[in-house]
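# have a look at this prediction, sequence included:
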2 protein chains.
Amino acid sequence: MNCERKVILYIAMSLDGYIATQDNGLDFLSRVEEEGQDYSYSDFVNTVDTVIVGRKSYEKVLSMGLEYPHLDKDLYIITRTPRSAVGSAKYYTGNLKELVLGLKSQQGKSIYVDGGAEIVNEMLMESLIDELYISIIPVLLGDGISLFHGNRPEMVLKLVSAKTYNKGLVQLHYVKA
Amino acid sequence: MNCERKVILYIAMSLDGYIATQDNGLDFLSRVEEEGQDYSYSDFVNTVDTVIVGRKSYEKVLSMGLEYPHLDKDLYIITRTPRSAVGSAKYYTGNLKELVLGLKSQQGKSIYVDGGAEIVNEMLMESLIDELYISIIPVLLGDGISLFHGNRPEMVLKLVSAKTYNKGLVQLHYVKA
């Protein structure tokens, strides 16, 4: 049982639960930027070989003039509109639960849920997330795109660790209890 | 300047930002109950001599068959409906900002904001809160009464500490940056 691949959310939010401003702004993340400090992100990424990301979050990265960072992984971009695969990136229009259960029935490393909120909530609705790394940025944004929407089932968590960093970021790590 | 009384929010929420279920249920708090562990609450209460609480939150305590715990303090119950004072408890129907600025112009210990969400958001809207102690309970409630509403101004925070407890509660302490 413990050999089963884990589905892991790794994401940052403001203390008031926003992952971006209403206009998709991410400037608040720059508050915690620090030379040589990646908040264990590369260590985390080394534990995964599969990435699930929403189409809008994927395109947000491209719109910033960046290459999407996980093209070396088994990458699923969740969308409602069928599109052709681009390199290793597969557009997926099917049922998210079937995708995740299919992936978990295969051997492999962990599965990284890279957002955005729509995908995260759909996965929480189906109890498909096993672990969460939530980095809390020391700001109340006041408004924006909420990480958690309502009308989901309760999920009891077990705290694994809470790490405090220089710039005031607190990284909370939980597993499903 | 540093002698000015501080207005402090001390509250618990689920990881998804709820302070109660939709029907005002607080059962999730029992997940972190532990004999002899008050999460520094009594130490905190010793630093305050004034309490501001919303009428609904005040009555919630009474509805649980409890006496409101801060009757020994200078207590303001915020309401829209004028009512007579009961002992030291004063019902306050005036402007919240005027109340807080008036209290801050007087000598005294810190001022404790004891909720609920309506009062907290009104105070954040007017930038009246100086410090926050937010205890994160290890559960995703899925739905409920959100601590933070939208449409507030941004508030940059400085992390003072993040304390981890046996039952998985993480207590975050921030001051206005």
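Yes, it's here.
# so for the helix or strand harbouring residue A:98, mean pLDDT?
In this structure, residue A:98 sits in helix A:96-104 according to DSSP states H and E. Taken as a whole, helix A:96-104 carries a mean pLDDT of 97.
# name the helices or strands packed onto it?
With contacts defined as 3 or more CB pairs under 8 Å, 6 or more residues apart in numbering or on different chains; DSSP states H and E, helix A:96-104 has these neighbours: strand A:48-54, strand A:74-78, strand A:110-113, helix A:117-125. (Each C-beta comes from the backbone N, C-alpha and C, glycine too.)
# turn these into a markdown table, including mean neighbour count.
Shown next, in a markdown table, are the helices and strands packed on helix A:96-104 (neighbours: other CB atoms under 10 Å in any protein chain shown):
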| stretch | mean neighbour count |
| --- | --- |
| strand A:48-54 | 22 |
| strand A:74-78 | 22 |
| strand A:110-113 | 24 |
| helix A:117-125 | 19 |
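# tell me the contacts of residue A:73?
Going by CB atoms under 8 Å, 6 or more residues apart in numbering or on different chains, residue A:73 touches A:48, A:49, A:50, A:51, A:88, A:112.
# then residue A:75?
Residue A:75 is in contact with A:50, A:51, A:53, A:68, A:88, A:89, A:90, counting by CB under 8 Å, 6+ apart.
# the first one contacts residue A:106, doesn't it?
No: judged on CB atoms under 8 Å, residue A:50 makes no contact with residue A:106 at a distance of 9.1 Å.
# okay, and the common contacts of the two?
With CB under 8 Å, 6+ apart, residue A:50 and residue A:106 have common neighbours residue A:5.
# what residues sit buried inside the helix holding residue A:98?
The neighbour-count check on helix A:96-104 (16 or more other CB atoms under 10 Å in any protein chain shown) flags A:96, A:99, A:100, A:103, A:104 as buried.
# show me the contacts for the fourth one.
Neighbour list for residue A:103: A:5, A:50, A:74, A:111 [criterion: CB under 8 Å, 6+ apart].
# determine which two of these are furthest apart.
Greatest spatial distance among these (CB to CB): A:5 and A:74, at 11.2 Å.
# tell me the residues of chain A that contact chain B?
With CB under 8 Å from any CB of the partner chain as the criterion, chain A meets chain B at residues A:15-17, A:31, A:124, A:132, A:134, A:136, A:138-144, A:146-148, A:150-159, A:161-162, A:164, A:168-170, A:172, A:174, A:177.
# hang on, the earlier thing: name the nearest of the buried residues of helix A:96-104 relative to residue A:81.
For these, the closest approach to residue A:81 (CB to CB) belongs to residue A:96, at 15.3 Å.
# distance across stretch A:102-113, terminal residue to terminal residue?
Its start and end residues considered, stretch A:102-113 measures 15 Å (CA to CA, to the nearest Å).
# now stretch A:137-148
16 Å.
# buried ones in it?
A:137, A:138, A:139, A:140, A:141, A:142, A:143, A:144, A:145, A:146, A:147, A:148.
# angle of the longest strand along chain A against helix A:117-125?
Identified as the longest strand of chain A according to DSSP state E is strand A:155-164. Here strand A:155-164 points in a direction 130 degrees away from that of helix A:117-125 (axes from the mean of the first three to the mean of the last three CA atoms, to 10 degrees).
# count of residues packed around the nearest residue to residue A:34 once chain neighbours are set aside?
Among residues not flanking residue A:34 along the chain, residue A:167 sits closest, at 5.5 Å (CB to CB, 6 or more residues apart in numbering or on different chains). A total of 14 residues lie near residue A:167 under the criterion other CB atoms under 10 Å in any protein chain shown.
# assumed residue A:167 was part of a strand.
No: with DSSP: H, G, I helix; E, B strand; the rest coil as the criterion, residue A:167 is located in coil rather than a strand.
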